[in-house]
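J.: turn this into a structure:
(one chain, ligands or ions: 2)
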Amino acid sequence: MIVIKSADEIALMRESGRILAAILEEVKRAVQPGIRTSALDDVVVEEVRRYGVIASFKGYSGYPASVCVSVNNEIVHGIPGGRILKEGDIVSVDCGVCYRGFHSDAAVTVGVGEISAEARTLIEVTEKSLDAGVAEARAGNHVGDISVAVQKYVESHGFAVVREYTGHGVGRELHEEPQIPNFECGRGALLKKGMTIAIEPMVTAGGWRTRVASNRWTVLTKDGSLAAHFEHSVGITDGDAEVFA
Ligand code: MF3
Ligand code: CO
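T.: Ligands and ions are numbered 1, 2, ... in the order given. Predicted coordinates:
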C-alpha cells in the first residue's frame, strides 16, 4: 500500500532527514586512508545516540550494523568490519535513521584520497543521475519517469544501472511501496503530493549484473567493476520534490 503523509508527518520526515544528512557529513569527514570500515559504524553509533534517533538498519532483516559501507566493486549492503580503506578506494556509505517514528534513508559515494579519473567520473555520473531522477519526482508524473531519467543519464555516459535492487517508499517503515527502479520497467505508480520515496541509483563502470557475497549481505558487481551509489529520501509536492536527506 502506498502511504500519503500529512503535513505534520512531512515535518517529521524533514527533521529525520536533517539529522541523517548531518550524520552522513560526519561519516564523510571520517573517511581517510588507513581507517577500518568499522570506524564509520562507530561514528554512526555515536551520532545516533547524540541526536536521540534510532539507526534504521541495525537489526533490519538481521542486518548486523548501523550503516552499510561498500568499497570499490561492492555495490550496496557492505558490512563494516576490519577492512582498511586505502588511497584510491571509493566507498559508498548508506545510512538510515528513525526520528519519532519516521525513517529517512540516504547514501553517498566518496573517494579515499586521490582516486582514478574513471572513479571520479563514475561518482559524478551517479550523483547527477540521482538529481535527474529527483527532477522527475513530482505530482502527476509516474514512478517510471524517474526510472527512465536515471537510466538515460547513466547510459548516455557509458555506465550501467543495477536492476536487481531498487529505491522504495520510505516513512513509517524503512521500505514502503512503491519500488523505484532505476531502469525502464513500465509506467509505475502515479506520484501524488504527500508520498515520500527513496531514490537510489546504483551504477557500475561495467555490466549491471550482481552477486551476493558469502556473508549473505554484501552485493558486488558480477564482473568485478567499480560501483557507486547515491540516495536521497524525498517528499512529493505539486512542484519540485523536497529533499529530506
Ligand atoms: N538503504 C538500503 C535500502 O534502501 C537499506 C539497507 S538494508 C539493511 O535498501 F538491511 F542494511 F538495512
Ligand atoms: Co534505500
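J.: check contacts around A132.
T.: 149-150, 152-153 (C-beta atoms under 8 Å, 6 or more residues apart in numbering). Backbone N, C-alpha and C define where each C-beta goes, glycine included.
J.: which pLDDT value goes with it?
T.: Per-residue pLDDT puts A132 at 98.
J.: am I right that it sits in a helix?
T.: Yes - the assignment for A132 (DSSP: H, G, I helix; E, B strand; the rest coil) places it in a helix.
J.: one step back: who wins for neighbours among the contacts of A132?
T.: The most crowded member of these, judged by other C-beta atoms under 10 Å, is V150 (31 neighbours).
J.: quick one on the thing from earlier: so which of the contacts of A132 sit within helices?
T.: 149-150, 152-153 (DSSP state H).
J.: which secondary structure element contains I75?
T.: strand 74-76 (DSSP states H and E).
J.: what's the average pLDDT for that strand?
T.: 98.
J.: does ligand 2 sit close to that strand?
T.: No - Strand 74-76 lies out of reach of ligand 2 by C-beta under 5 Å from the ion, never closer than 8.6 Å.
J.: swap in stretch 159-170?
T.: No - on the criterion C-beta under 5 Å from the ion, stretch 159-170 is out of touch with ligand 2, staying 5.8 Å away.
J.: now do that stretch: distance from first to last residue.
T.: Using C-alpha to C-alpha, to the nearest Å, the end-to-end distance of stretch 159-170 comes to 27 Å.
J.: that one: which residues count as buried?
T.: Within stretch 159-170, the residues scored as buried using 16 or more other C-beta atoms under 10 Å are 159-162, 165-170.
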